[in-house]
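K.L.:
Next comes the sequence, and after it the predicted model I'd like to discuss.
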6 protein chains.
Amino acid sequence: MHIRVINPNTTAGMTATIGDAASRIAAPGTRITATQPASGPVSIESHFDEAISAVGVLDEVLAGEQAEVDAYVIACFGDPGLLAARELTRAPVIGIAEAAFHMATLVSTRFSIVTTLGRTGIIAEHLLEQYGFRHHCRRVRAAEIPVLDLEENGDAALARIIDECRRARDEDGIGAIVLGCGGMADLTATISREVGLPVVEGVTAAVKLAEALVGLGLGTSKHGDLAFPRPKPMTGQFERFAHLIPTR
Amino acid sequence: MHIRVINPNTTAGMTATIGDAASRIAAPGTRITATQPASGPVSIESHFDEAISAVGVLDEVLAGEQAEVDAYVIACFGDPGLLAARELTRAPVIGIAEAAFHMATLVSTRFSIVTTLGRTGIIAEHLLEQYGFRHHCRRVRAAEIPVLDLEENGDAALARIIDECRRARDEDGIGAIVLGCGGMADLTATISREVGLPVVEGVTAAVKLAEALVGLGLGTSKHGDLAFPRPKPMTGQFERFAHLIPTR
Amino acid sequence: MHIRVINPNTTAGMTATIGDAASRIAAPGTRITATQPASGPVSIESHFDEAISAVGVLDEVLAGEQAEVDAYVIACFGDPGLLAARELTRAPVIGIAEAAFHMATLVSTRFSIVTTLGRTGIIAEHLLEQYGFRHHCRRVRAAEIPVLDLEENGDAALARIIDECRRARDEDGIGAIVLGCGGMADLTATISREVGLPVVEGVTAAVKLAEALVGLGLGTSKHGDLAFPRPKPMTGQFERFAHLIPTR
Amino acid sequence: MHIRVINPNTTAGMTATIGDAASRIAAPGTRITATQPASGPVSIESHFDEAISAVGVLDEVLAGEQAEVDAYVIACFGDPGLLAARELTRAPVIGIAEAAFHMATLVSTRFSIVTTLGRTGIIAEHLLEQYGFRHHCRRVRAAEIPVLDLEENGDAALARIIDECRRARDEDGIGAIVLGCGGMADLTATISREVGLPVVEGVTAAVKLAEALVGLGLGTSKHGDLAFPRPKPMTGQFERFAHLIPTR
Amino acid sequence: MHIRVINPNTTAGMTATIGDAASRIAAPGTRITATQPASGPVSIESHFDEAISAVGVLDEVLAGEQAEVDAYVIACFGDPGLLAARELTRAPVIGIAEAAFHMATLVSTRFSIVTTLGRTGIIAEHLLEQYGFRHHCRRVRAAEIPVLDLEENGDAALARIIDECRRARDEDGIGAIVLGCGGMADLTATISREVGLPVVEGVTAAVKLAEALVGLGLGTSKHGDLAFPRPKPMTGQFERFAHLIPTR
Amino acid sequence: MHIRVINPNTTAGMTATIGDAASRIAAPGTRITATQPASGPVSIESHFDEAISAVGVLDEVLAGEQAEVDAYVIACFGDPGLLAARELTRAPVIGIAEAAFHMATLVSTRFSIVTTLGRTGIIAEHLLEQYGFRHHCRRVRAAEIPVLDLEENGDAALARIIDECRRARDEDGIGAIVLGCGGMADLTATISREVGLPVVEGVTAAVKLAEALVGLGLGTSKHGDLAFPRPKPMTGQFERFAHLIPTR
């Protein structure tokens, strides 16, 4: 089984972090390849960053279709381009936010999210609403660290995240914590040990969900609103897409 | 990895059907054991049947704790005793209704449920509400076949289920179908082939989710409201439980 | 009119407390009988306790059907076995949580719940969601006292409950308080006097609702999903049920 | 116990119908007085009619405060002036729509409403939303008869209502029907007999709920947002209110 | 274009304040007339005040129909009589609460409301629910000042409002503030300057929405449940309405 | 006032249609400029098309910032890139779906949407949920015409849209219809005349809402989660953005 983990930002160090975490969690028969778009923001911390990064995600999915990928993981907590990506393939596509939410509800009745910057909280809120988990999440918390601090200033970032997780554990009436950034993929074990309750991280959760779906023979439905996009001309810098989109 | 699949009813034939389906879908390193309670209804088609069967589920989970089980699956579509079972173990416990709902939302935007008897629709509705999937499910449909007809009158039952699935596909604006009974575990491939869109069945979905959670090192949270029950006397025919419930 | 008040736990002292409170509130023509299951937990403080106690509730309802009971009250705040019990009888069956919620919304726009242990809060939350009162309840609060302390350590327990009720009154923006445990049935007047706003207690509320329904000639609907369970074999220690369930 | 049943419209025949139905259902110790405003619409079939009739309801509540009324019933299915009326008294005030909804959820899992004119359906929908019963009501149906036809053209009206109730029973997947007009108060038994499932009517339901609340010693909360209105001048034709509103 | 701004209370000073604010914001071709009912409360601070004032609103709308009004604004934050008023005219009718909510969601993802008295918070909550903005509003806050203090004690009132707005800005995780009283119509610029984030006020918002609707040629739908009320007798002090209500 | 109407697809004919409709509805002092991205799909009929077109929208907003634009309209019914666009400017940004929803709720209690292809219905559903209008929309209907048929095959497309609008009017219990495609901007008057109830179209609605917001002095909040994106490197074909994003 070949799972392609797409880091939607363009920071190679984060792609490596994510890919390593994915590889460590993967089942014996699973091959992980981690990629990042050629174009896009170096980190994703706003709706704007999300919107731009979605294009890179779509490029990577189409590239994956040439590489016999069995399932895709979109490794940014805003799940950028998720439904669009699903339209491009019969393979399952999993966002790490949805993956973490699903898994957290299986081991707890209520969870809190600890993310990087407060301004991205609204993105998580919108996803919780769309996915159905609004009432399962007690609170969206932010450690107020820029995403790239996870790479460049790791120890200080980790300390702040652990502090916020402890506050979540002690104040929120929860059973589990969801880590709200793909860049935290390598911190899960440490945080869980420090905080003492289940810590659910999306990259690893998504890899296991992808394995599960492939194992079940389930792929993205092509009946109804996730069918392949209707073929049509694309102009300018997106012309390439018109030739790449599968029709069946 | 040892996954215990608990058939909450007491019909051995259905336990075998469920166990076989679970075994076929399990990963190479997964051992499946299928059990059923010593006491309870022969099929589960009402709130009453659900309530009685929950006790058997709890007995089976406590028995599993002596057998080094790594994860439990509750193989009835009403998820009887799910939260109670979670209180009894650090292992993950997965209901087949929740498993199917989670998986269906990963491959489609909207799904319909096809279950056995119309009177059990309310059980599915309540679960959809509690789990957060009310708006992802377009419609709960019933083939109006008693559960045991799946065992005793299989061909006719299958035909009716396929008919109802076709109506769901053509009328509901959906991308996937969820099969609403553990007894349909062996029919998934046939139905999917006949109907032509993803068909999600809970027993198989739950086995893969259980493997995923165990692979992630995630178990039921013991912080908060799923902690082990407070030790206390139990009287009469339930006295056995007082001695069996773990405290840590 | 004969109302059977079922204490779902097996502590006789609590049955007496509940029965006394019910008798005091009953109308002149109403006869109250208070019972408790022969088997089950001595107090109900978890999903596990709820699940076990539901069987005892069903036993008591079936026993009541031999005793010409006109309405049943399930006197535990988690309403254990409520929908299952309704399937077994044409008489009304009222849970004390739902009773208290209904009554509280008739005298206030928003209420808070003060219950015993924090871990049971999730049970109240799920009931609020299922019954439709999620937005009418501002907050679920716990005095953090074990249920049996209400019997064994009454003064200290009362003091803690009153303290929590005062906080609810002063902080929550509410008009009424719902007491979240059947064992508080005899404390309503005292708490209301101390706190100075309507205090709604479920046992008494349920008795009056039961009288109201019987007076209206309304019983549990046998059309649709609360019809009597389909007859079927029950095995093992639950075999008795197969012979007791009415079919019309 | 003195329950004042307020017919919010000014048709004396309907006041008599409502009062008779209330008297027949009342407990032995309950005295029913039925009143109607001196001013207002002869029937209530729109938001406009509702708004005007609310003033009459408030007049009648203030008059009731001079007559030692123990509880009020607002006998129009839109519950006109309900929260305003509650501010004017320590007594309970019950609307017939809310009463019917509460009672219907105690005997069924899902109900439908059968009302007079389709244009009033939105009023019922808004009340369902505010009270929390949106998901308990499958459908709001209209027999498309003007309210006064219930008085003037009773047989034909009854036939149409019964027809619509039968459709509700057969098509909606419900366990009970709620009658959506105070003017149907005397038809309940007939309709229930013809249709064969519980039929919940608001006037009678509200009388029994009022008895229940009075029996519990529960009145409208004066803590918080249902406290008596702040005293203030009222001008013109509403000047009378300034002198009548209680302050404690 | 002629926009009639109806102050639902009977304090002339507030009508002038509201009218001035409306005139200042109106487009060059818009004529503003501000009116108040002949009868009603001098301020609106309860459900009771709302219910009484609704009649005056309806009188003013009917008077407006004689004055070739193109759109109406109901300038009290509870939107009293809104749906009833819509039934009386083909012109658009806008409540200032709904206007402010709509506009706030266009410039922010989440807002808080700062209103006068805490007891009116429930009115705002019910409107948020009915209009669909429950989740867009983080918190309903009160400065705890009586409405007429805005007229009689303006500086102190303004100071308290600004304090509360600052707390909203700093504590609520919002992007905008909605002012919750028509009497604050002239304070918007000052508050916005002091607080430093968008402050949305309903009178001004409603005038611009009214201009927008008229510009679009959109008026209140007469198809369905906002059609003109059915003609019928009205008795007593409301007899006048029977002759005034348009039928087409 | 300068309003920039951005057609997110790259079909010049549609940009002209949209621009003309916007110009016709604009107030005297409003200048409309209509643009389209240099790159992107020729029509938008899927999540994929939406995701790609969002980049073009952001390019056009940044270009607008150089052209002293006072407000932006995103003229595709999926509101592609809406929140991202808001981050880039202090000016208001209005999507045509939200604009139509807001306006429809001001003239009716319930509406239906008539859009082009059924597969885009899910996009409308997600927007309804996020914006709060889920319960105001009775049904999302599709005429099943590709978007470009509006340009190329106008008469046949119009006939199908009118047919679907009539069905919505007759079957859905609504007061207004929302047209679900920017390409229908020039059809509003015709459809409204044929169907006989208010027809709300998003381009025109958004222009008037934009005028309203600018008139109120309200722009996108820069406090909180719509603040300008944090400056950061962008790579590859999106490098241009890094230099264009304003920081204050």
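P.N.:
Nice, I can see it. Since the model is a prediction, treat every value here as computed from it, not as a measurement.

K.L.:
C-alpha from now on. contacts and neighbour counts both.
P.N.:
Noted.

K.L.:
could you pull out the helices for chain A?
P.N.:
With helices called from DSSP state H, chain A shows them at A:12-25, A:47-66, A:82-87, A:96-107, A:121-131, A:149-152, A:154-171, A:188-195, A:202-216, A:239-244.

K.L.:
which residue sits closest to the spatially most central residue of chain A, ignoring its sequence neighbours?
P.N.:
Of all residues in chain A, the one closest to the mean position by C-alpha atoms, centre = their mean is residue A:96, 2.6 Å from it. If you skip the residues right next to it in sequence, residue A:96 has residue A:202 as its closest partner in space, 4.1 Å away by C-alpha to C-alpha, 6 or more residues apart in numbering or on different chains.

K.L.:
Does the one you found touch residue A:99 like I think?
P.N.:
Yes - counting by C-alpha atoms under 8 Å, residue A:202 touches residue A:99, with 5.6 Å between them.

K.L.:
who's more crowded, the two?
P.N.:
residue A:202 (34 against 26; other C-alpha atoms under 10 Å in any protein chain shown).

K.L.:
okay, now the domains of chain A?
P.N.:
Under automatic domain parsing, the residue ranges defining each domain of chain A are A:2-96+A:205-244, A:97-202.

K.L.:
Quick one: distance of the shortest one to the chain centre.
P.N.:
It stands for domain A:97-202. In terms of C-alpha atoms, centre = their mean, to the nearest Å, the centre of domain A:97-202 is set 13 Å apart from its chain centre.

K.L.:
Ends of it, what's the gap?
P.N.:
As for domain A:97-202, its first-to-last residue distance stands at 6 Å under the measure C-alpha to C-alpha, to the nearest Å.

K.L.:
low-scoring pLDDT stretches of chain A, where are they?
P.N.:
Judged by pLDDT under 70, chain A has no weakly predicted residues.

K.L.:
what does it have sitting close to chain C?
P.N.:
Among all residues of chain A, those adjacent to chain C (criterion: C-alpha under 8 Å from any C-alpha of the partner chain) are residue A:109.

K.L.:
One more pass at 10 Å, please.
P.N.:
If contact is defined as C-alpha under 10 Å from any C-alpha of the partner chain, the residues of chain A in contact with chain C are A:109, A:110, A:135, A:173.

K.L.:
Pull the contacting residues for the third one.
P.N.:
When contacts are counted by C-alpha atoms under 10 Å, 6 or more residues apart in numbering or on different chains, residue A:135 is found next to A:109, A:110, A:111, A:128, A:129, B:130, B:131, B:132, C:125, C:129.

K.L.:
now the third one: how far from chain C?
P.N.:
Right, the one you point to is residue A:111. With distances defined as C-alpha to the nearest C-alpha, to the nearest Å, the gap from residue A:111 to chain C amounts to 12 Å.

K.L.:
returning to that earlier point: mutual contacts of residue A:202 and residue A:99, please.
P.N.:
Shared contacts of residue A:202 and residue A:99 (C-alpha under 10 Å, 6+ apart): A:73, A:77, A:208.

K.L.:
Can you tell me which of these is nearest chain B?
P.N.:
Relative to chain B, the closest of those is residue A:208; by C-alpha to the nearest C-alpha it sits at 4.9 Å.

K.L.:
give the contact list for that closest one.
P.N.:
For residue A:208, the contact set (C-alpha under 10 Å, 6+ apart) comprises A:22, A:25-27, A:99, A:103, A:202, A:214, B:208-216.

K.L.:
thinking again about what came up before, mind picking the two most distant members of the residues of chain A next to chain C?
P.N.:
Set against one another by C-alpha to C-alpha, the residues of chain A next to chain C have their most distant pair in A:135 and A:173, with a gap of 12.8 Å.

K.L.:
what touches both of those two?
P.N.:
Taking C-alpha under 10 Å, 6+ apart as the contact definition, residue A:135 and residue A:173 share the neighbouring residues A:109, A:110, A:111.

K.L.:
Let's have those residues in TSV, adding distance to chain F and neighbour count.
P.N.:
As requested, the shared contacts of residue A:135 and residue A:173 are exported to TSV (distance: C-alpha to the nearest C-alpha, whole Å; neighbours: other C-alpha atoms under 10 Å in any protein chain shown):
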residue	distance to chain F	neighbour count
A:109	24	22
A:110	22	23
A:111	21	29
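
K.L.:
Closest to residue C:248 out of those?
P.N.:
Comparing the shared contacts of residue A:135 and residue A:173 against residue C:248 with C-alpha to C-alpha places residue A:109 closest, at 38.7 Å.

K.L.:
which of the residues in stretch A:162-180 are buried?
P.N.:
Of the residues in stretch A:162-180, A:162-166, A:168-169, A:173-180 count as buried by neighbour count, 16 or more other C-alpha atoms under 10 Å in any protein chain shown.

K.L.:
which two from the residues you listed end up farthest apart in space?
P.N.:
With C-alpha to C-alpha as the measure, no two of those lie farther apart than A:173 and A:180, at 18.5 Å.

K.L.:
Quick check: residues of chain A near chain D?
P.N.:
When proximity is defined as C-alpha under 10 Å from any C-alpha, chain A does not approach chain D at any residue.

K.L.:
Report the separation between the residue in chain A positioned nearest to chain E and residue A:115.
P.N.:
Nearest to chain E, among the residues of chain A, is residue A:122, at 7.6 Å (C-alpha to the nearest C-alpha). Shown here: residue A:122 relative to residue A:115, a distance of 11 Å by C-alpha to C-alpha.

K.L.:
Comparing those two, which residue is more hemmed in?
P.N.:
Taking neighbours as other C-alpha under 10 Å, residue A:122 and residue A:115 compare with residue A:115 leading, 28 against 20.

K.L.:
Which residue, other than its chain neighbours, is closest to the more buried one?
P.N.:
Nearest residue to residue A:115 in three dimensions, chain neighbours excluded: residue A:180, at 4.0 Å (C-alpha to C-alpha, 6+ apart).

K.L.:
Isn't the one you found up against residue A:121?
P.N.:
Yes - counting by C-alpha atoms under 10 Å, residue A:180 does reach residue A:121; the two are 9.2 Å apart.

K.L.:
For those two, list the residues in contact with both.
P.N.:
Common neighbours of residue A:180 and residue A:121 (criterion: C-alpha under 10 Å, 6+ apart): A:78, A:113, A:114, A:115, A:140, A:141, A:142.

K.L.:
Now flag whichever of those residues is closest to chain D.
P.N.:
Chain D has its nearest neighbour among the shared contacts of residue A:180 and residue A:121 in residue A:140, at 26.2 Å by C-alpha to the nearest C-alpha.

K.L.:
nearest spatial neighbour of residue A:203, skipping sequence neighbours?
P.N.:
Excluding its sequence neighbours, the residue lying closest to residue A:203 (C-alpha to C-alpha, 6+ apart) is residue A:96, at 5.4 Å.

K.L.:
whoops, I mixed them up, residue A:133
P.N.:
Counting by C-alpha to C-alpha, 6+ apart, the nearest residue to residue A:133 once its immediate chain neighbours are dropped is residue B:132, at 5.5 Å.

K.L.:
what does residue A:64 give?
P.N.:
Nearest non-adjacent residue to residue A:64 (C-alpha to C-alpha, 6+ apart): residue A:4, at 7.2 Å.

K.L.:
need the contact list for the one you found.
P.N.:
Listed by C-alpha under 10 Å, 6+ apart, the contact partners of residue A:4 are A:19, A:22, A:31-35, A:60-61, A:64, A:67-74, A:93, A:207, A:210.

K.L.:
likewise residue A:234?
P.N.:
Contact partners of residue A:234, counting by C-alpha under 10 Å, 6+ apart, are A:240-243, F:9-10, F:39-43, F:49, F:52-53.

K.L.:
same check, this time on residue A:87
P.N.:
A:58, A:93, A:220-222, A:225-229, A:245-246, F:46-48.

K.L.:
Who wins on neighbours among these?
P.N.:
With neighbours defined as other C-alpha under 10 Å, the most crowded of these is residue A:93; it has 31 neighbours.

K.L.:
Please name the bridge partners of it.
P.N.:
On the basis of DSSP bridges, residue A:93 is bridged to residue A:72.
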